[in-house]
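Engineer: Quick one, fold the following:
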Amino acid sequence: MKYHNAVFATAACLLSTQAFAGTMGPVEPARNWAWVGSVSAGPVWARGGETQTFYLAPEIEKTYTARKSSSALASGELFIGLQKNLFSQWLAQLGLAAATTGNAKLQGIIWDDADPQFANYSYRYKVRHSRLAVKGKLLKDCGYWLMPWVSASLGGGFNRAHDFTNTPLIFEALPNPNFSNHTKTTFTYTLGAGVQKSISKHWQIGVGYEFADWGKSKLDRAAGQTMNSGLALNHLTTNGVLFNLTYVA
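Structural biologist: This next block holds a predicted model:
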């Protein structure tokens, strides 16, 4: 009798397991790692410039007074890496990101002899940024319509300062030699946050805010300049809204 009861119990367990498996469908094995790639693009706003005073030659001192106005430019990024399931509801992505932007426009007024009474020139120039960085992204999949995420990146930036021009503001002033173009290699980082939505098994779309610090930039000396370099910045920052299209293998 005990033998029959054991047989019936075993059969019942097998039947119930098959019934549930038939209802749920085939179960795919969980994957810890998956390839992931994304393309991001959108507008960013740069705001920079610092007032600087220095000697161009032993008897020539000038002050470059920056006008801190925001300029809009386009930014784009390509990210390739791996995605891993950390624990319940949490996903992590880690990989390499390559990004580039348009030209940030900087401008201001030049004071001869570092004296505001001799505001005789205006100036303007551009800085173009690109970078290669290690980027991480942390997502939380709560089973809702949208997945929130945060991101950060650290890497090397390449800032090309170029097209410096100065323009006389009074009739008596003569044009000065312009600073030369220069590309500066520097440390750069980004911080971001946003939301993501799955539109199919492999494809996702999202949008987020990103803060970027481009790092250092500078212009080279002008013709005839014997002291110091051109205008230089330790930081040039942007704030932007980037839309992304992501593929998870």
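
Engineer: how near is the nearest residue to residue 149 once chain neighbours are set aside to residue 185?
Structural biologist: In space, and not counting its chain neighbours, residue 149 is closest to residue 139: 4.3 Å by C-beta to C-beta, 6 or more residues apart in numbering. The way it works is simple: take the backbone N, C-alpha and C, and place the C-beta from them, glycine included. Counting by C-beta to C-beta, to the nearest Å, the gap between residue 139 and residue 185 amounts to 32 Å.

Engineer: if I've got this straight, the residue nearest to residue 149 is in a strand?
Structural biologist: Yes: according to DSSP: H, G, I helix; E, B strand; the rest coil, residue 139 belongs to a strand.

Engineer: If I look at it, what pLDDT would I see?
Structural biologist: The model reports residue 139 with a pLDDT of 95.

Engineer: contacting residues around it?
Structural biologist: Residue 139 makes contact with 90-93, 147-149, 196, according to C-beta atoms under 8 Å, 6 or more residues apart in numbering.

Engineer: do residue 51 as well
Structural biologist: Applying C-beta under 8 Å, 6+ apart, the residues contacting residue 51 are 63-66, 108.

Engineer: hang on, the earlier thing: how close does the residue nearest to residue 149 get to residue 54?
Structural biologist: 47 Å.

Engineer: so residue 232 touches residue 52, yeah?
Structural biologist: Yes: using C-beta atoms under 8 Å, residue 232 is in contact with residue 52, at 7.4 Å.

Engineer: could you pull out the strands for the chain?
Structural biologist: 33-47, 52-57, 60-67, 71-87, 90-112, 119-140, 147-168, 179-180, 182-198, 203-213, 217-218, 220-222, 232-233, 237-248 (DSSP state E).

Engineer: Buried deepest among those strands, which one?
Structural biologist: strand 217-218 (a mean of 22; mean count of other C-beta atoms under 10 Å).

Engineer: And that strand, what does it pack against?
Structural biologist: Applying 3 or more C-beta pairs under 8 Å, 6 or more residues apart in numbering; DSSP states H and E, one finds that strand 217-218 contacts strand 147-168, strand 182-198, strand 232-233.

Engineer: Now do the phi/psi pair for residue 114.
Structural biologist: With angles defined as degrees, to the nearest 10, residue 114 sits at phi 60, psi 30.

Engineer: Contacts only, for it.
Structural biologist: Neighbour list for residue 114: 53, 61-63 [criterion: C-beta under 8 Å, 6+ apart].

Engineer: Residue 183 now?
Structural biologist: Residue 183 neighbours (C-beta under 8 Å, 6+ apart): 158-161.

Engineer: do residue 47 as well
Structural biologist: Applying C-beta under 8 Å, 6+ apart, the residues contacting residue 47 are 68-71, 237-238.

Engineer: rerun that using 10 Å as the cut-off
Structural biologist: 68-71, 104, 106, 236-239 (C-beta atoms under 10 Å, 6 or more residues apart in numbering).

Engineer: And residue 212, by the same measure?
Structural biologist: Residue 212 touches 44, 46, 75, 77, 99, 101, 129, 131, 133, 153, 157, 188-192, 236-240, counting by C-beta under 10 Å, 6+ apart.

Engineer: and stretch 123-139, C-alpha only, in PDB?
Structural biologist: Output in PDB follows, covering the C-alpha atoms of stretch 123-139 (Å, rounded to 0.1, in the frame of the first residue of the first chain):
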ATOM      1  CA  TYR A 123      37.400  88.700 -29.600                       C
ATOM      2  CA  ARG A 124      35.800  85.400 -30.300                       C
ATOM      3  CA  TYR A 125      37.000  81.800 -30.900                       C
ATOM      4  CA  LYS A 126      35.600  78.200 -30.900                       C
ATOM      5  CA  VAL A 127      36.300  75.000 -29.000                       C
ATOM      6  CA  ARG A 128      35.400  71.600 -30.500                       C
ATOM      7  CA  HIS A 129      35.400  68.500 -28.200                       C
ATOM      8  CA  SER A 130      35.700  64.800 -28.800                       C
ATOM      9  CA  ARG A 131      36.500  62.000 -26.200                       C
ATOM     10  CA  LEU A 132      37.100  58.300 -25.700                       C
ATOM     11  CA  ALA A 133      36.000  57.100 -22.300                       C
ATOM     12  CA  VAL A 134      35.100  54.100 -20.100                       C
ATOM     13  CA  LYS A 135      31.400  54.400 -19.400                       C
ATOM     14  CA  GLY A 136      29.100  52.600 -16.900                       C
ATOM     15  CA  LYS A 137      25.300  52.500 -16.700                       C
ATOM     16  CA  LEU A 138      23.100  51.200 -14.000                       C
ATOM     17  CA  LEU A 139      19.400  50.300 -14.800                       C
END
